[in-house]
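Asks: Mind folding the following:
(2 chains)
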Number of protein chains: 2
Amino acid sequence: MKSIFQNHIDKEIPYLKQKKLLLAVSGGLDSMVLLHLFQELSYDIAIAHCNFQLRGVESFGDQKFVQDYAEASGIPIFVTQFDTEAFAKDYKLSTQVAARELRYNWFYELLETEKFDYILTAHHADDNLETFLINLTRGTGLEGLTGIPVQNDRVIRPLLFLSRQEIENYAKANDIQWREDSSNASDKYVRNKIRHHLIPVLKELNPHFMNSFLKTEGYLQESLAMVEDAASMVFQQVAIEKENQIHFDLNQLLQLPNYQSYLYQWLKDYGFTAWEDIYDLVDSQSGKQVFATDFRLLKDRDSLILSPIDDSEKEIEFLVNENETEVNIPLNMTFCKAADISVATNKTIFVDADQLVFPLVIRKWKTGDIFLPFGMDGKSKKVSKLFKDEKLSLIEKENTWLLCSDNQIVWVIGIRADHRFRTSNTTKNILRIEFEN
Amino acid sequence: MKSIFQNHIDKEIPYLKQKKLLLAVSGGLDSMVLLHLFQELSYDIAIAHCNFQLRGVESFGDQKFVQDYAEASGIPIFVTQFDTEAFAKDYKLSTQVAARELRYNWFYELLETEKFDYILTAHHADDNLETFLINLTRGTGLEGLTGIPVQNDRVIRPLLFLSRQEIENYAKANDIQWREDSSNASDKYVRNKIRHHLIPVLKELNPHFMNSFLKTEGYLQESLAMVEDAASMVFQQVAIEKENQIHFDLNQLLQLPNYQSYLYQWLKDYGFTAWEDIYDLVDSQSGKQVFATDFRLLKDRDSLILSPIDDSEKEIEFLVNENETEVNIPLNMTFCKAADISVATNKTIFVDADQLVFPLVIRKWKTGDIFLPFGMDGKSKKVSKLFKDEKLSLIEKENTWLLCSDNQIVWVIGIRADHRFRTSNTTKNILRIEFEN
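Replies: Predicted coordinates for the structure are as follows:
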């Protein structure tokens, strides 16, 4: 088994050998096998463990189990605890989505701060198959049938070619200890039905079913990439981005027999749900609109215009007083005096505190906002131009906040600091400003 | 039930009402229900029944059953018999593929000759679901999961929104008779497993599963259309068609991270199987080739060149002697003296027999072939130019035959007759030449 695994790694992800790898280890079967395998291979690894605090004392038991294992094996370990329920509530997310958000944000932060090359997770072939079948029972599209890929961005899933059974066999053969996870109870009925009643029949019909399924997933991933290519090519032909709007040219769009598919692909990430209304908009009179929570789609003569809703939230300002060191709304920020500056990142800047006029203001950007980007020798730039240069999507633009001092922009948060508030060798008071997203 | 059906027809395919409809009726449950429903709706219908002669006396029993029903109900009926096994053998097709080829060719012929508007078949939702699951067990791509659509081209499937159970209920409630089909035995094990062990579990997990599945199929069809869009848009950017070759520009192609997916989409209909070799060709030295039965893909500096194989078949000529009235190889043609000419079609031409030099020759086209297209007042044209104007694909060009007299082209078969052999008012002997594809 070890040799199958090693062969696979050599063939599919040979570039892992010389890299610093961060292994996501929950303490469950799959991640303990992942850990054991990479220990055996003597790769350069560390452990990241998230305690989501969703199962009380059991969660802390998992944390201790992984910590003890790391200590006994001499493997570096990073541990964090999340108030997952509160985060889910604040952002109106399901617990599962909230946990995923928190987990991956933290992993990516560790990648940066600790200079890891890749995050490794323990997803296996049955995870993809079960998700495929769950989505199939509920009704789904191509995306719902396309499993997680072996690699996307800097996350790699080396066990994706192994079935749950193979992983369990390996654990038993190698005397690996793990913690059973009592969660996912709500999902358990469906998953168990699928695990015990559907998958065995599929494997009976084709003893090599798991291999066939891995191929199927590969083909579907290729198709999905082509769907995205088509959406992006046609977008370039029919859409123009203007400031914070997107204009779709209906004369061109309606030449496509399947224009509805394209509208769906372009608009699906903006929170629209009334698809029939959107498709009807194409033929309706000027001035008609369809709304999502944060966006509107407007029929205007020969165009559909997508724009963010100018809701009252846009006007809301959050104040930061001089002595405040921490802000949690609308995003988490810390303000600390610093003895010295270190490297600024997207998440951390250093400014000359004496240039600031308190209270500082955190607000959304407005059309016409101008600042002096750091690194441009005091030349001014429209914030909208910055967004364009950074290739931000409309939805990303809308989620960006500005930190301002006396109506001057100090920081386009997470993107670029302003030149005027930079530190110099005459700076007496350095303020370190940091945010977490 | 009838009203659900009628509502559906009204909503989804309202344009059937005024049309001449040809119903494909095998005599089985599904097609007898289709027939009964359209009788009840008093639409303008006729029956087409194919006897594939695959189940001996049983096949003739089916034919008689449908013929008797048509006669008793006063519905026009067309019946044909195929030597399916022989056709399958000649063209190296599976029996199922051969039967489908024969059936649809005949249906389309009837559409033309008898002026029908649409062909209606009795495919239902379970057909699509079973095919989806069969393909899933074997490993498949998006196409294998995308069911038959309600309409493609002039074939319409009005029962696609009904399950097998609903159709059977309707048949029983309306006392409809049908013939059981004992065929598909080879497929029966897999289909039965799926019918009795997979589908019930899916329906248990979601009582509205069939509805969800119909939506899933709709979404997958949309995705497939977008995949085809992407393939065609990128083809226009990187490929040039020259005579009977296609040149792919590798410099442009390799800018796509997923260029392999595109190569697959473009080449899949040319019979290639060695996909890894094709993907390797991209990096290999000039002169390397990958072969399919009828085509080759050649690496030539910065291009991949797809071209038909100049095999000996190209040189083969089939002769037609003066007294022959029928030819079956390489395609089915009839040669009959005609008292008068009637309207020429793609499949039928009328020529002046006294202009012909026998034996006539049937051969594939060659680069440089020139003829005088009928309707162009005796101006000459390259056959390759004709193919271009008619937008024939490479594979269609390769499948085209020429009928020649003394090295002059009489007919680019199925596409255009020659000016020189046209009939006029001085013509004494008219020859009617017809082909079936």
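Asks: Near the residue lying closest to residue A:5 once chain neighbours are set aside, how many other residues are there?
Replies: In space, and not counting its chain neighbours, residue A:5 is closest to residue A:37: 5.7 Å by C-beta to C-beta, 6 or more residues apart in numbering or on different chains. Every C-beta, even on glycine, is put in place using the N, C-alpha and C of the backbone. For residue A:37, the count of nearby residues is 25 (other C-beta atoms under 10 Å in any protein chain shown).
Asks: does residue A:37 sit in a helix, a strand or a coil?
Replies: Three-state assignment for residue A:37 (DSSP: H, G, I helix; E, B strand; the rest coil): helix.
Asks: in what helix or strand does whichever residue of the stretch 301-437 of chain A sits closest to chain B lie?
Replies: When scored by C-beta to the nearest C-beta, the stretch 301-437 of chain A has residue A:391 as its residue closest to chain B, at 17.2 Å. Residue A:391 is located outside every helix and strand, with elements delineated by DSSP states H and E.
Asks: related to what we said a few turns ago, roughly how far does the residue nearest to residue A:5 sit from chain B?
Replies: Distance of residue A:37 to chain B, given as C-beta to the nearest C-beta, to the nearest Å: 27 Å.
Asks: quick one on the thing from earlier: what's the neighbour count on the residue of the stretch 301-437 of chain A closest to chain B?
Replies: Count around residue A:391 with other C-beta under 10 Å applied: 7.
Asks: dump the residue contacts of residue A:137.
Replies: Neighbour list for residue A:137: A:190, A:194, B:202, B:205-206, B:209, B:212 [criterion: C-beta atoms under 8 Å, 6 or more residues apart in numbering or on different chains].
Asks: and it, what are its phi and psi?
Replies: phi -60, psi -30 (degrees, to the nearest 10).
Asks: again, but for the one 5 residues further on
Replies: Main-chain dihedrals, residue A:142, degrees, to the nearest 10: phi -50, psi -40.
Asks: still on that earlier bit, and the furthest pair within the contacts of residue A:137?
Replies: Using C-beta to C-beta, the contacts of residue A:137 span at most 15.0 Å, a distance reached by A:194 and B:212.
Asks: Which one of the two is surrounded by more residues?
Replies: A count of neighbours by other C-beta under 10 Å puts residue A:194 above the other of residue A:194 and residue B:212, at 23 against 18.
Asks: how about the nearest residue to that one, chain neighbours excluded?
Replies: residue A:133 (4.8 Å).
Asks: for that neighbour, what are its contacts?
Replies: By C-beta under 8 Å, 6+ apart, residue A:133 lies in contact with A:194, A:198-199.
Asks: Please report how far it lies from residue A:126.
Replies: Separation of residue A:133 from residue A:126 (C-beta to C-beta, to the nearest Å): 10 Å.
Asks: for residue A:341, same thing?
Replies: Relative to residue A:126, residue A:341 is positioned 49 Å away (C-beta to C-beta).
Asks: do the same with residue A:107
Replies: Separation of residue A:107 from residue A:126 (C-beta to C-beta): 23 Å.
Asks: Bridge partners for residue A:417, pull those for me.
Replies: Note on residue A:417: beta-bridge partners by DSSP bridges are residue A:411.
Asks: what's the neighbour count on it?
Replies: Residue A:417 has 25 neighbouring residues, counting by other C-beta under 10 Å.
Asks: Test my guess that it contacts residue A:405.
Replies: No. The pair residue A:417 and residue A:405 does not pass the contact test of C-beta atoms under 8 Å, sitting 12.0 Å apart.
Asks: Show the pLDDT at the residue in the stretch 151-300 of chain A that chain B sits nearest to.
Replies: For the stretch 151-300 of chain A and chain B, the shortest gap (C-beta to the nearest C-beta) falls at residue A:212, measuring 3.0 Å. The model reports residue A:212 with a pLDDT of 94.
Asks: Excluding chain neighbours, give the residue nearest to residue A:277 in space.
Replies: That would be residue A:290: by C-beta to C-beta, 6+ apart, it lies 4.7 Å from residue A:277.
Asks: ok, now which ones touch residue A:266?
Replies: By C-beta under 8 Å, 6+ apart, the contact list for residue A:266 reads A:231, A:235, A:239, A:246, A:248.
Asks: How about residue A:434?
Replies: Residue A:434 neighbours (C-beta under 8 Å, 6+ apart): A:333-334, A:336, A:347-349.
Asks: from those residues, which two are the most distant?
Replies: Greatest spatial distance among those (C-beta to C-beta): A:336 and A:347, at 13.6 Å.
Asks: Please say which of those two ends up with more neighbours.
Replies: Using other C-beta under 10 Å as the criterion, residue A:336 and residue A:347 rank with residue A:347 on top: 16 against 11.
Asks: Pick the one among the contacts of residue A:266 closest to residue A:45.
Replies: residue A:231 (38.0 Å).
Asks: so which strand or helix has that closest one?
Replies: Assigned by DSSP H and E, residue A:231 belongs to helix A:209-238.
Asks: how far off helix B:209-238 does that helix point, in degrees?
Replies: 60 degrees (axes from the mean of the first three to the mean of the last three C-alpha atoms, to 10 degrees).
Asks: So for helix A:209-238, what gets flagged as buried?
Replies: Using 16 or more other C-beta atoms under 10 Å in any protein chain shown as the test for burial, helix A:209-238 gives A:209-210, A:212-214, A:216-227, A:229-231, A:234-235, A:238.
Asks: And the following helix or strand past it, what does it pack against?
Replies: The first helix or strand that comes after helix A:209-238 along the chain, using DSSP H and E, is strand A:239-242. Applying 3 or more C-beta pairs under 8 Å, 6 or more residues apart in numbering or on different chains; DSSP states H and E, one finds that strand A:239-242 contacts strand A:245-249.
Asks: Any buried residues in the strand it packs on, and which?
Replies: Within strand A:245-249, the residues that count as buried by 16+ other C-beta under 10 Å are A:246-248.
Asks: Which of these sits closest to residue A:53?
Replies: When those are compared against residue A:53 (criterion: C-beta to C-beta), the nearest one is residue A:246, at 40.3 Å.
Asks: Look up the closest residue to that closest one, ignoring the ones flanking it.
Replies: Residue A:246 sits nearest to residue A:306 (C-beta to C-beta, 6+ apart), 4.4 Å away.
Asks: and the strand or helix carrying that neighbour, C-alpha only, in PDB?
Replies: Taking DSSP H and E as the criterion, residue A:306 maps to strand A:303-308. C-alpha atoms of strand A:303-308 as PDB (Å, rounded to 0.1, in the frame of the first residue of the first chain):
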ATOM      1  CA  SER A 303     -28.800  46.400 -22.300                       C
ATOM      2  CA  LEU A 304     -29.000  44.500 -19.100                       C
ATOM      3  CA  ILE A 305     -27.200  46.400 -16.400                       C
ATOM      4  CA  LEU A 306     -25.900  44.700 -13.300                       C
ATOM      5  CA  SER A 307     -25.100  47.000 -10.400                       C
ATOM      6  CA  PRO A 308     -24.800  46.900  -6.700                       C
END
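Asks: Pairing partners for that strand, with directions?
Replies: With DSSP bridges as the test, strand A:303-308 pairs up with strand A:245-249 (antiparallel), strand A:295-300 (antiparallel).
Asks: All set now, cheers.
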